[in-house]
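Trainee: sequence and predicted structure are below.
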There are 2 protein chains.
Amino acid sequence: MTAFSFTVDATDGAARTGRLMTAHGPVATPAFMPVGTAGTVKAMTPDAVAATGAEMVLGNTYHLMLRPGAERIEKLGGLHRFMAWPGPILTDSGGFQVMSLAKLRTLDEDGVTFQSHVDGTQHRLTPEISIDIQRQLDATISMVLDECTPFPATEEQARASLDLSMRWAERSKQAFTTRDGYALFGIVQGSVFPELRKESAQRLIDIGFDGYAIGGLAVGEGPDAMIETTELTAGLLPDDCPRYLMGVGRPQDLVAAVAAGVDMFDCVLPTRSGRNGQAFTSRGPVNIRNARHADDPRPLDDTCDCPTCLGYSRAYLHHLVRTGEILGAMLLTGHNLRFYQALMAALREAIDQARLTQFRTDFETGLECGDIDPL
Amino acid sequence: MTAFSFTVDATDGAARTGRLMTAHGPVATPAFMPVGTAGTVKAMTPDAVAATGAEMVLGNTYHLMLRPGAERIEKLGGLHRFMAWPGPILTDSGGFQVMSLAKLRTLDEDGVTFQSHVDGTQHRLTPEISIDIQRQLDATISMVLDECTPFPATEEQARASLDLSMRWAERSKQAFTTRDGYALFGIVQGSVFPELRKESAQRLIDIGFDGYAIGGLAVGEGPDAMIETTELTAGLLPDDCPRYLMGVGRPQDLVAAVAAGVDMFDCVLPTRSGRNGQAFTSRGPVNIRNARHADDPRPLDDTCDCPTCLGYSRAYLHHLVRTGEILGAMLLTGHNLRFYQALMAALREAIDQARLTQFRTDFETGLECGDIDPL
């Protein structure tokens, strides 16, 4: 078996390219992980996900523990086999969705009790249970259970939440069974308070993890505070470990976070937007439902090499989305995921060639152009 | 350009294998056409449809004339380019859906006026308008406008309906612009009355069409009357023209109709069932929602070579369908379409080897086995 490792290949300012080696294969970083919520990247076959360039996907422990259940997935040979994704999989701890989706949550020192949003059945997550579920799922990278501090929070609230998360991080580490090629990541909290972020990072480093995530962002603090906190926090984390910004974000957010030294991302934006008729392009977002596209024979983005842009017109995509056809969700999700993966590949190339600043300027200028003129 | 032609290669009793040559490529017969209702075979990319073995698809004139509109599709280069299906496309006349979906229909000698089920706008179809719309769509094979006689009908009602359909067939023929590699098919009506079917077939032959469809079946008459009428009607049609049984049906219906000498089929069953958790297998239908599949690591059908059966367990498909994931519809539709295409290929091989009777016995015995035992 391969040991889990992270190697930095090149740097450009705070940004870096690198490579994760895992039990389920390598991942070039900076990397974007499509979200495979309930064991499927919505509206995509695993082959199509891989064809976009994605090397690792994310699974949601909360959704999977409720349906079909972690024990069931374990008996069926793990999540990789279950969802036919042989590559690396990162699972979250379940804590975030418990707080955002579940009913009747009760948080205590030991963990959280909640009711399923699906059928109202009662469940419990503790650091130990979350880590065990992620082991049953056979997650390549497991995440510690934490409390994602709500925004806004007073410094006092954020400190109390942080203290709980750090105690849970310690327990998660204790509960984690070391296996070759598998990893456990800690999660920095502390809301938008620099002192708390510093303390959180240091306490996690003292515990010792294979990688470090920046959590508690993209929860309402706005893009400026998000990037500011990301820059601060990334700088506090060990250079030789992967840094993962959870749940972010828009293409420009990814570029800014890569410039700040982040190596890994996940976000539902490209997949959820794809099901809602929203496409990401090199000239900014396009709402394909808009009537201006009804007769437009041009592709979504003529700089894109995805099957959607090579094979279909805006007029066709408009028609599919307007008529609620499943193929519309499939084609737009495929395009959006390819757009995100192509962006990550371009960022890696720019860093390797030490021209990230120029790339970022050009990319942001492109987004500001706005969509091509109507015909 | 290729002229439209049909060649019979081999016969076995009334059954035959053959080949359609069209402006958009050849089609081996007997052939099953997946239904691409509104310019998409639901939940499938065109590449995936082609990979099942399908060579021709069907488009619904009613749906396409309402959304996105035939003029729009014509301006965008025709339905082939619009939906990225370069192969042959057969379009129906729109008449069937007008009677089954539209609101406030008024039928008169000249045609039918109706309100769209989508937005209530008023539209009109006459034989001439239907043929012109199908020309705008660039349909490889166009169908005459007819009245699909409702079931049950008295012989008097069926005769009046038949007379109208035959007058419309004559007008459709007059309106059709002959183009190399394109074809116009007539449609035999007459409900379940042998004398009316004979008269209808003869009147169409007198007008002269490139192919002949058997219409007005699978509308409630039951499988026995359907097959009986199909056998009778197929025998009335010219040997050197393709015969198309419209809207049929279950796998066993296709086998029986092929034995009766039918060359072409379309039906929503494999696609609609795929979106409803119903799979066709060599041992009969499987409802993947059933709890017995929740822990079953086996494929849907271990005799099937489709990506769904090669890559995914019943447990995973069960999970996808239960959680309403789009991928469930994609994978089951893909399997069902492959099952239908593999059946057509097996029928062609059996006819070529003059062992259709044995094949039919074996196939029907297989269906009667029922699903594999639960684990």
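Mentor: Perfect, thanks for sending it. These figures come from a predicted structure and were not determined experimentally. Numbering: from 1, shown residues only, chains lettered A, B, ... in the order given.
Trainee: got the CA positions of stretch A:288-301 in PDB?
Mentor: Extracted as PDB, the C-alpha positions of stretch A:288-301 are listed here (Å, rounded to 0.1, in the frame of the first residue of the first chain):
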ATOM      1  CA  ILE A 288     -29.500  29.600 -20.000                       C
ATOM      2  CA  ARG A 289     -33.300  30.000 -19.200                       C
ATOM      3  CA  ASN A 290     -33.100  33.600 -20.400                       C
ATOM      4  CA  ALA A 291     -35.100  34.100 -23.600                       C
ATOM      5  CA  ARG A 292     -32.100  35.600 -25.400                       C
ATOM      6  CA  HIS A 293     -30.700  32.100 -25.800                       C
ATOM      7  CA  ALA A 294     -33.700  30.500 -27.500                       C
ATOM      8  CA  ASP A 295     -32.400  30.900 -31.100                       C
ATOM      9  CA  ASP A 296     -28.700  31.100 -30.400                       C
ATOM     10  CA  PRO A 297     -26.800  28.300 -32.200                       C
ATOM     11  CA  ARG A 298     -23.500  29.100 -30.400                       C
ATOM     12  CA  PRO A 299     -22.000  27.000 -27.600                       C
ATOM     13  CA  LEU A 300     -22.100  28.100 -24.000                       C
ATOM     14  CA  ASP A 301     -18.400  29.000 -24.000                       C
END
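Trainee: kindly list the longest helix within chain A.
Mentor: Using DSSP state H, we find that the single longest helix of chain A is helix A:326-352.
Trainee: so which helix or strand takes in A:Ser191?
Mentor: Under DSSP states H and E, no helix or strand contains A:Ser191.
Trainee: any idea of the pLDDT on it?
Mentor: If you check A:Ser191, the pLDDT there is 97.
Trainee: ok so, going back, tell me the angle of the longest helix of chain A relative to helix B:326-352?
Mentor: Interaxial angle of helix A:326-352 relative to helix B:326-352 (axes from the mean of the first three to the mean of the last three Cα atoms, to 10 degrees): 110 degrees.
Trainee: wait, does helix A:326-352 contact chain B?
Mentor: Yes: interface with chain B: helix A:326-352 contributes A:Ile326, A:Leu327, A:Ala329, A:Met330, A:Leu331 (Cβ under 8 Å from any Cβ of the partner chain). The C-beta positions use only the backbone N, C-alpha and C, and glycine is treated the same way.
Trainee: buried residues in stretch A:256-265?
Mentor: Within stretch A:256-265, the residues that qualify as buried are A:Ala256, A:Ala257, A:Val258, A:Ala259, A:Ala260, A:Gly261, A:Val262, A:Asp263, A:Met264, A:Phe265, counting by 16 or more other Cβ atoms under 10 Å in any protein chain shown.
Trainee: out of those residues, which comes closest to chain B?
Mentor: A:Phe265 (22.7 Å; Cβ to the nearest Cβ).
Trainee: which SS class is that closest one?
Mentor: Recorded secondary structure, A:Phe265: strand (DSSP: H, G, I helix; E, B strand; the rest coil).
Trainee: what's the closest non-adjacent residue to it?
Mentor: The shortest distance from A:Phe265 to any non-neighbouring residue, by Cβ to Cβ, 6 or more residues apart in numbering or on different chains, is to A:Phe32 (4.8 Å).
Trainee: tell me the secondary structure for the one you found?
Mentor: Under the three-state scheme (three-state DSSP), A:Phe32 adopts strand.
Trainee: roughly how far apart are it and A:Arg250?
Mentor: From A:Phe32 over to A:Arg250 the distance is 12 Å, taken as Cβ to Cβ, to the nearest Å.
Trainee: who's more crowded, these two?
Mentor: Just comparing A:Phe32 and A:Arg250: by other Cβ atoms under 10 Å in any protein chain shown the higher neighbour count belongs to A:Phe32, 26 against 17.
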